[in-house]
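Visitor: Prediction below, plus the sequence it came from.
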Amino acid sequence: MPDPSASKQPAAVGRRDERLETTSGRDQATAKLPGECASAQSALRPVASAEAALGQDERTRLLERYEEVAALAGGLAHEIRNPLSTIGMLLELMAEDLSVPESPRDRRLWARLQTVQTECRHLEEILNAFLQFARAGELAPVETDLNQLVREFIDFYQPDARQHGIEISPHLASDLPTVQVDRSLVRQMLLNLARNAQQAMPAGGLLELQTRLGDGRVQLAIIDNGAGMDEATRAKLFHAIFSTKTAGSGLGLSTVRKIVEAHHGTISCDSEPGRGTRFLISFPPRPS
């Protein structure tokens, strides 16, 4: 485990005015297969990859399979949610009957009931993650000021951040071109990334949100000074069902990636153990 005091230091991804610039050659070398973390610069220019080598027919086939799996996951989540809701309601009724346990037997039943309710809530969270993943490609895009969307998200997330000892530091460039995005999905993307940062900073820390125009695209960086990740973790970061948390669904960052790609955007990640993490997202500006 990293030194808790290290999480209070600035994220080691360059000075604030450099964090959206190019990174080192060592970082650029992490650009591998789709879904792996690459440097910010590598993500904004063509890179050799297995995906680029695929023919158009093969890419189309893989996309169709991807969408089929997402639809299946969403349908399965709906089917499970209905009986789960019934189970949850019955557990609440049972909890009311045992709200004042009067015997050792009642107290044992009460403790077991609390455990079952906790597990049902965990299942509900997993189902919600599956539904978000399944819906991530269904866009209702509108012309949007990304800075304003980020400000609205900060207002929404600020109470939770304060509760966890996290300081939010926005650095939003002026005169950004508008983007064509689904506002609800981008808010979900921001929430997933903020929660990921929050989990990396259990003792609190700094969360920066930066915007700028770079290489003709609207860029958004989410930077934390938390525990960071090693190379093996970064390689699997956007894979569905991968999670380093025992209670995680493994779909938070894969949903983020799906949302970004549905908007014809790119996402990359820079991170080192004990030195924080930066996600860099770029969207095409709205055509004039």
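Guide: Everything's here; your move. Numbering: from 1, shown residues only.
Visitor: contact partners of stretch 173-187?
Guide: Stretch 173-187 is contacted by residues 135-136, 139-147, 149, 152-153, 156, 210-213, 218, 259, 262-263, 283-287 when judged by C-beta atoms under 8 Å, 6 or more residues apart in numbering. Where you see a C-beta, it was placed from the backbone N, CA and C, and this is true even at glycine.
Visitor: Am I right that residue 275 is in a helix?
Guide: No: checked against DSSP: H, G, I helix; E, B strand; the rest coil, residue 275 lies outside a helix; its state is coil.
Visitor: residues near the nearest residue to residue 179 once chain neighbours are set aside, how many?
Guide: What sits nearest to residue 179 in space, not counting adjacent residues and going by C-beta to C-beta, 6 or more residues apart in numbering, is residue 283, at 4.6 Å. Residues near residue 283, counting by other C-beta atoms under 10 Å, number 21.
Visitor: before we move on, what about residue 210?
Guide: 21.
Visitor: List the neighbouring strands of the helix or strand hosting it plus their orientation.
Guide: Assigned by DSSP states H and E, residue 210 belongs to strand 205-214. Sheet pairing of strand 205-214 (DSSP bridges) gives strand 166-172 (parallel), strand 217-224 (antiparallel).
Visitor: list the buried ones in it?
Guide: Residues of strand 205-214 classed as buried by neighbour count (16 or more other C-beta atoms under 10 Å): 205, 206, 207, 208, 209, 210, 211, 212, 214.
Visitor: picking up where we left off before, next step: the contacts of stretch 173-187 restricted to helices.
Guide: Secondary structure from DSSP state H places 135, 146, 147, 149, 152, 153, 156, 259, 262 of the contacts of stretch 173-187 in helices.
Visitor: Let's see the pLDDT reported for the first one.
Guide: The pLDDT attached to residue 135 in the predicted structure is 66.
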